[in-house]
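Chemist: Curious how this folds, go ahead:
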Amino acid sequence: MIVSAAIVSPLTPTLASSRMESSAATNQGSEIRLLTLALAAGDEEAFRTFHAAYFDRLLRYLIVVTRGDEQGARDALQETFIRVVRHVRGFDSEETFWSWLTVLARSSAADAGRKRRSYWRLLTSYAMFWVARQPSPEEIDDSDEHLHALLLEGLGDLRGEDRALVEGKYLRGTSVRELAAESNLTEKAVESRLARARQQLREQLFERLKNEKEN
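Modeler: Numbering: from 1, shown residues only. Reported below is the predicted structural model:
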(Lines give C-alpha, C1' and ligand atoms only; values in the text may rest on other atoms or scores of the structure.)
Protein backbone atom coordinates (compact mmCIF):
# COMPACT_ATOMS: atom_id res chain seq x y z
CA MET A 1 0.00 0.00 0.00
CA ILE A 2 1.39 3.39 -1.01
CA VAL A 3 1.00 6.22 1.51
CA SER A 4 0.39 9.62 -0.01
CA ALA A 5 3.30 12.06 0.44
CA ALA A 6 0.84 14.77 1.38
CA ILE A 7 -0.16 12.82 4.46
CA VAL A 8 3.36 12.36 5.83
CA SER A 9 4.69 15.81 4.87
CA PRO A 10 6.14 17.65 7.92
CA LEU A 11 4.31 20.77 6.76
CA THR A 12 0.95 19.06 7.21
CA PRO A 13 -0.16 18.64 10.88
CA THR A 14 -0.92 15.04 11.70
CA LEU A 15 -3.93 14.08 13.76
CA ALA A 16 -1.65 13.28 16.70
CA SER A 17 0.16 16.66 16.57
CA SER A 18 -3.14 18.50 16.29
CA ARG A 19 -4.37 16.71 19.38
CA MET A 20 -1.13 17.60 21.23
CA GLU A 21 -1.45 21.27 20.28
CA SER A 22 -5.09 21.30 21.35
CA SER A 23 -4.18 19.66 24.65
CA ALA A 24 -1.37 22.18 25.25
CA ALA A 25 -3.70 25.10 24.54
CA THR A 26 -6.30 23.63 26.88
CA ASN A 27 -3.72 23.18 29.64
CA GLN A 28 -2.48 26.74 29.21
CA GLY A 29 -6.04 28.04 29.31
CA SER A 30 -6.69 26.08 32.49
CA GLU A 31 -3.54 27.51 34.10
CA ILE A 32 -4.50 31.08 33.18
CA ARG A 33 -8.02 30.56 34.51
CA LEU A 34 -6.71 29.17 37.80
CA LEU A 35 -4.20 32.01 38.10
CA THR A 36 -6.69 34.79 37.34
CA LEU A 37 -9.37 33.34 39.59
CA ALA A 38 -6.81 33.14 42.40
CA LEU A 39 -5.82 36.76 41.74
CA ALA A 40 -9.48 37.78 41.89
CA ALA A 41 -9.74 36.00 45.25
CA GLY A 42 -6.79 38.00 46.61
CA ASP A 43 -4.33 35.09 46.77
CA GLU A 44 -0.84 36.48 47.53
CA GLU A 45 1.00 33.52 46.01
CA ALA A 46 -0.96 33.99 42.79
CA PHE A 47 0.08 37.65 42.70
CA ARG A 48 3.73 36.70 43.14
CA THR A 49 3.39 34.23 40.28
CA PHE A 50 1.69 36.85 38.11
CA HIS A 51 4.32 39.48 39.01
CA ALA A 52 7.20 37.16 38.09
CA ALA A 53 5.57 36.13 34.81
CA TYR A 54 4.45 39.54 33.56
CA PHE A 55 6.64 42.24 35.14
CA ASP A 56 9.33 42.34 32.44
CA ARG A 57 6.88 41.79 29.60
CA LEU A 58 4.61 44.65 30.71
CA LEU A 59 7.57 46.95 31.37
CA ARG A 60 8.89 46.40 27.84
CA TYR A 61 5.41 47.07 26.47
CA LEU A 62 5.06 50.30 28.49
CA ILE A 63 8.50 51.56 27.47
CA VAL A 64 7.25 51.37 23.88
CA VAL A 65 3.94 53.03 24.81
CA THR A 66 5.75 55.88 26.62
CA ARG A 67 8.24 56.25 23.76
CA GLY A 68 11.28 55.25 25.76
CA ASP A 69 10.42 57.03 29.01
CA GLU A 70 11.56 54.29 31.40
CA GLN A 71 10.62 56.15 34.58
CA GLY A 72 7.20 56.95 33.15
CA ALA A 73 6.84 53.30 32.14
CA ARG A 74 7.72 52.13 35.65
CA ASP A 75 5.23 54.55 37.20
CA ALA A 76 2.53 53.30 34.84
CA LEU A 77 3.50 49.70 35.58
CA GLN A 78 2.90 50.16 39.30
CA GLU A 79 -0.51 51.65 38.58
CA THR A 80 -1.24 48.75 36.20
CA PHE A 81 -0.55 46.22 38.96
CA ILE A 82 -2.87 48.11 41.30
CA ARG A 83 -5.63 48.02 38.69
CA VAL A 84 -5.06 44.31 38.08
CA VAL A 85 -5.57 43.59 41.78
CA ARG A 86 -8.73 45.70 41.86
CA HIS A 87 -10.39 44.54 38.65
CA VAL A 88 -9.05 41.11 37.62
CA ARG A 89 -11.53 38.36 36.82
CA GLY A 90 -11.24 34.86 35.46
CA PHE A 91 -9.82 34.55 31.92
CA ASP A 92 -9.94 31.41 29.79
CA SER A 93 -6.88 32.07 27.61
CA GLU A 94 -3.52 33.79 27.85
CA GLU A 95 -4.30 35.76 24.71
CA THR A 96 -7.40 37.42 26.14
CA PHE A 97 -5.68 37.99 29.49
CA TRP A 98 -2.72 39.71 27.83
CA SER A 99 -5.05 41.83 25.71
CA TRP A 100 -6.83 42.96 28.89
CA LEU A 101 -3.50 43.73 30.56
CA THR A 102 -2.40 45.94 27.66
CA VAL A 103 -5.63 47.93 27.89
CA LEU A 104 -4.97 48.54 31.59
CA ALA A 105 -1.34 49.42 30.87
CA ARG A 106 -2.17 51.96 28.14
CA SER A 107 -4.81 53.55 30.36
CA SER A 108 -2.36 53.75 33.28
CA ALA A 109 0.30 55.33 31.06
CA ALA A 110 -2.16 57.92 29.71
CA ASP A 111 -3.39 58.82 33.22
CA ALA A 112 0.17 59.07 34.55
CA GLY A 113 1.11 61.35 31.66
CA ARG A 114 -1.84 63.66 32.28
CA LYS A 115 -1.05 63.86 35.99
CA ARG A 116 2.61 64.68 35.33
CA ARG A 117 1.67 67.41 32.85
CA SER A 118 -0.81 68.95 35.30
CA TYR A 119 1.78 68.74 38.06
CA TRP A 120 4.44 70.52 36.01
CA ARG A 121 2.04 73.18 34.78
CA LEU A 122 1.04 73.98 38.33
CA LEU A 123 4.57 74.06 39.71
CA THR A 124 5.80 76.08 36.74
CA SER A 125 3.04 78.65 37.26
CA TYR A 126 4.05 78.97 40.91
CA ALA A 127 7.69 79.30 39.89
CA MET A 128 7.16 81.91 37.20
CA PHE A 129 4.85 83.95 39.45
CA TRP A 130 7.56 84.03 42.10
CA VAL A 131 10.32 84.86 39.63
CA ALA A 132 8.28 87.67 38.09
CA ARG A 133 7.91 89.48 41.41
CA GLN A 134 11.60 89.34 42.34
CA PRO A 135 13.80 92.44 41.89
CA SER A 136 16.25 91.40 39.18
CA PRO A 137 18.51 93.40 36.83
CA GLU A 138 17.28 91.44 33.85
CA GLU A 139 14.30 89.34 32.91
CA ILE A 140 14.70 85.67 33.70
CA ASP A 141 13.40 83.43 30.97
CA ASP A 142 13.87 79.68 30.71
CA SER A 143 12.45 76.75 28.80
CA ASP A 144 9.87 74.49 30.40
CA GLU A 145 12.28 71.55 30.33
CA HIS A 146 14.93 73.49 32.23
CA LEU A 147 12.41 74.73 34.77
CA HIS A 148 11.21 71.18 35.28
CA ALA A 149 14.78 70.00 35.91
CA LEU A 150 15.31 72.75 38.50
CA LEU A 151 11.97 71.97 40.13
CA LEU A 152 12.98 68.32 40.43
CA GLU A 153 16.14 69.41 42.22
CA GLY A 154 14.05 71.54 44.54
CA LEU A 155 11.69 68.65 45.26
CA GLY A 156 14.69 66.52 46.14
CA ASP A 157 15.70 69.11 48.73
CA LEU A 158 12.33 68.99 50.52
CA ARG A 159 11.93 66.88 53.64
CA GLY A 160 10.48 63.47 52.89
CA GLU A 161 7.16 64.22 54.57
CA ASP A 162 6.76 67.56 52.78
CA ARG A 163 7.63 66.10 49.40
CA ALA A 164 5.06 63.33 49.91
CA LEU A 165 2.41 65.95 50.65
CA VAL A 166 3.31 68.05 47.59
CA GLU A 167 3.27 65.01 45.30
CA GLY A 168 0.04 63.77 46.84
CA LYS A 169 -1.70 67.13 46.41
CA TYR A 170 -0.42 68.16 42.98
CA LEU A 171 0.52 64.90 41.26
CA ARG A 172 -2.13 62.47 42.49
CA GLY A 173 -4.81 65.09 43.13
CA THR A 174 -5.40 63.90 46.71
CA SER A 175 -7.53 66.23 48.81
CA VAL A 176 -6.20 67.93 51.94
CA ARG A 177 -8.64 65.88 54.03
CA GLU A 178 -7.34 62.61 52.56
CA LEU A 179 -3.73 63.71 53.00
CA ALA A 180 -4.44 64.54 56.63
CA ALA A 181 -5.88 61.07 57.20
CA GLU A 182 -2.97 59.36 55.40
CA SER A 183 -0.30 61.29 57.30
CA ASN A 184 -2.05 61.39 60.69
CA LEU A 185 -2.05 65.20 60.68
CA THR A 186 -4.74 67.83 60.99
CA GLU A 187 -5.97 69.50 57.81
CA LYS A 188 -4.55 72.80 59.07
CA ALA A 189 -1.14 71.18 59.55
CA VAL A 190 -1.24 69.77 56.01
CA GLU A 191 -2.12 73.17 54.54
CA SER A 192 0.69 74.78 56.55
CA ARG A 193 3.25 72.23 55.33
CA LEU A 194 2.11 72.63 51.73
CA ALA A 195 2.45 76.41 51.95
CA ARG A 196 5.93 76.06 53.44
CA ALA A 197 6.97 73.57 50.74
CA ARG A 198 5.71 75.83 47.94
CA GLN A 199 7.59 78.76 49.42
CA GLN A 200 10.79 76.73 49.63
CA LEU A 201 10.42 75.54 46.05
CA ARG A 202 9.88 79.07 44.75
CA GLU A 203 12.83 80.51 46.66
CA GLN A 204 15.18 77.75 45.58
CA LEU A 205 14.11 78.04 41.97
CA PHE A 206 14.68 81.78 41.89
CA GLU A 207 18.11 81.43 43.50
CA ARG A 208 19.17 78.76 41.02
CA LEU A 209 17.98 80.78 38.03
CA LYS A 210 19.60 83.97 39.32
CA ASN A 211 22.92 82.20 39.96
CA GLU A 212 22.89 80.77 36.44
CA LYS A 213 22.38 84.23 34.95
CA GLU A 214 25.19 85.71 37.04
CA ASN A 215 27.73 82.93 36.29
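Chemist: Pretty sure residue 190 sits against residue 181.
Modeler: No. Judged on C-beta atoms under 8 Å, residue 190 makes no contact with residue 181 at a distance of 9.7 Å. No exception for glycine: its C-beta is placed from N, CA and C like everyone else's.
Chemist: In terms of neighbours, single out the busier of the two.
Modeler: The residue with more neighbours, out of residue 190 and residue 181, is residue 190; 23 against 13, by other C-beta atoms under 10 Å.
Chemist: where does that one land in three-state SS?
Modeler: Per DSSP: H, G, I helix; E, B strand; the rest coil, the secondary structure class of residue 190 is helix.
Chemist: For residue 186, give me its contacts.
Modeler: residue 180 (C-beta atoms under 8 Å, 6 or more residues apart in numbering).
Chemist: Report the separation between it and residue 32.
Modeler: Separation of residue 186 from residue 32 (C-beta to C-beta, to the nearest Å) stands at 48 Å.
Chemist: Next up, phi/psi of residue 160, please.
Modeler: Backbone torsions of residue 160, given as degrees, to the nearest 10, read phi -50, psi -40.
Chemist: what's the burial count for it?
Modeler: Residue 160, neighbours per other C-beta under 10 Å, totals 7.
Chemist: Quick check: it vs residue 168, distance?
Modeler: 12 Å.
Chemist: what's around residue 208, how many residues?
Modeler: Close neighbours of residue 208, defined as other C-beta under 10 Å, add up to 18.
Chemist: That one: what's it in contact with?
Modeler: 150, 153-154.
Chemist: how about the helices in this structure?
Modeler: Along the chain, the stretches classed as helices by DSSP state H are 5-8, 15-40, 44-65, 70-87, 94-132, 144-157, 160-170, 176-183, 187-214.
Chemist: Export those to CSV and append columns for mean pLDDT.
Modeler: Below are the helices of the chain laid out as CSV (pLDDT from 0 to 100):
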stretch, mean pLDDT
helix 5-8, 36
helix 15-40, 68
helix 44-65, 94
helix 70-87, 90
helix 94-132, 75
helix 144-157, 69
helix 160-170, 81
helix 176-183, 89
helix 187-214, 80
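Chemist: can I see the domain layout of this structure?
Modeler: 25-113, 134-214 (automatic domain parsing).
Chemist: got a pLDDT number for the closest residue to residue 97 other than its chain neighbours?
Modeler: Using C-beta to C-beta, 6 or more residues apart in numbering and skipping residues adjacent in sequence, the residue nearest residue 97 is residue 91, 4.0 Å away. At residue 91, the pLDDT value in this model is 94.
Chemist: pretty sure residue 91 is in contact with residue 98, am I right?
Modeler: No. Between residue 91 and residue 98 there is no contact under C-beta under 8 Å: 9.1 Å.
Chemist: Counting neighbours, go ahead and name the busier of those two.
Modeler: Taking other C-beta under 10 Å, residue 91 and residue 98 do not tie; residue 91 has more neighbours (21 against 16).
Chemist: And the more buried one, how far from residue 42?
Modeler: To residue 42, residue 91 is 17 Å away according to C-beta to C-beta.
Chemist: now do residue 70
Modeler: From residue 70 to residue 42 the distance is 30 Å (C-beta to C-beta).
Chemist: again, but for residue 197
Modeler: Counting by C-beta to C-beta - residue 197 and residue 42 are separated by 36 Å.
Chemist: And for residue 104?
Modeler: Applying C-beta to C-beta to residue 104 and residue 42 gives a distance of 18 Å.
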